[in-house]
Structures are given as C-alpha cells and as structure tokens.
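Participant: output the structure for:
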Amino acid sequence: MSKLTVVAKIVAKKELVTIVKGELLKLIEPTRKEDGCIEYKLYQDNDNSAVFVFYENWESADHLEKHMNTAHFKGFVAAIGGMTEELAINKLTQLA
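Facilitator: Residues are numbered from 1 along each chain as shown. Sure thing, here's the model as predicted:
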C-alpha cells in the first residue's frame, strides 16, 4: 500500500476551545510514537482560534486504522464528545 495523507479539521465550540485544544495536544506524543506514523502535526487557525487542523502522513491505510483503534485516540473521541461544531476527516492520495 502507498502512503496516506490525512487532513482533519476540528472546529471547537467557542466556549470550549481551551479544553478541546488540551485534548488535541494529548494526542501528539503517543501518536508520533506509533508504528507507521510518518508525520503528525497540529495547527490552530490564526484568525479563528476554534479551528484546528491535523496534517498527518501514514505509511498505509492499515497504519491509520490501527491509530484510530488505539486507547489514546478512542479516549480523545470520547473526551471531546459534544464539544465541537464540526469534524471533517479527509484521506488523501498524492497525485503529483
């Protein structure tokens, strides 16, 4: 399988930005140690602090699937339940 890029956009409810940001930051260290994780970067929008974007590169879709089944990822999903306005995950394949 070929490398998989993921762009995930999370928009926190305005009053919960600090809590969501804290939960997002907890994902960084354990995820970067995962087998198959090439790159895992978190960004916050400069104009709207409620908008967060993950830019991720994985060795394969299988590695991403394993990531989504880890305790730290499942814990994150449970922790932010009801705290977001939007959650969009795009799985991308590089064309050029």
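
Participant: what's the pLDDT at Met1?
Facilitator: As predicted, Met1 sits at a pLDDT of 55.

Participant: can you offset everything so residue one is 55?
Facilitator: Okay, using 55 as the starting number, the last item reads as Met55.

Participant: quick check: buried residues in stretch 85-94?
Facilitator: Within stretch 85-94, the residues scored as buried using 16 or more other CB atoms under 10 Å are Thr85, Glu88, Gly90, Cys91, Tyr94. Using the backbone N, CA and C atoms, a C-beta is placed for each residue, glycine as well.

Participant: please enumerate the helices of the protein.
Facilitator: Secondary structure of the chain by DSSP state H: the helices cover 71-86, 115-122, 125-133.

Participant: where does the protein have low pLDDT?
Facilitator: 55 (pLDDT under 70).

Participant: residues touching the residue nearest the centre of it, list them.
Facilitator: For the chain, the residue nearest the mean C-alpha position is Phe108 (4.6 Å; CA atoms, centre = their mean). Neighbouring residues of Phe108 by CB atoms under 8 Å, 6 or more residues apart in numbering: Val60, Val61, Ala62, Ile64, Leu78, Tyr94, Lys95, Leu96, Tyr97.

Participant: how far away is the residue lying closest to the third one once chain neighbours are set aside from Ser114?
Facilitator: Taking CB to CB, 6 or more residues apart in numbering as the measure, Ala62 lies nearest to Phe108, with 4.2 Å between them; neighbours along the chain are not counted. For Phe108, the distance to Ser114 equals 18 Å [CB to CB, to the nearest Å].

Participant: what about stretch 126-146, how long is it end to end?
Facilitator: 23 Å (CA to CA, to the nearest Å).

Participant: in that stretch, what counts as buried?
Facilitator: Buried residues in stretch 126-146 (16+ other CB under 10 Å): Phe127, Phe130, Ile134, Thr138.

Participant: kindly report the same for stretch 69-83.
Facilitator: Residues of stretch 69-83 classed as buried by neighbour count (16+ other CB under 10 Å): Leu70, Val71, Val74, Lys75, Glu77, Leu78, Leu81.

Participant: done for today, thanks.
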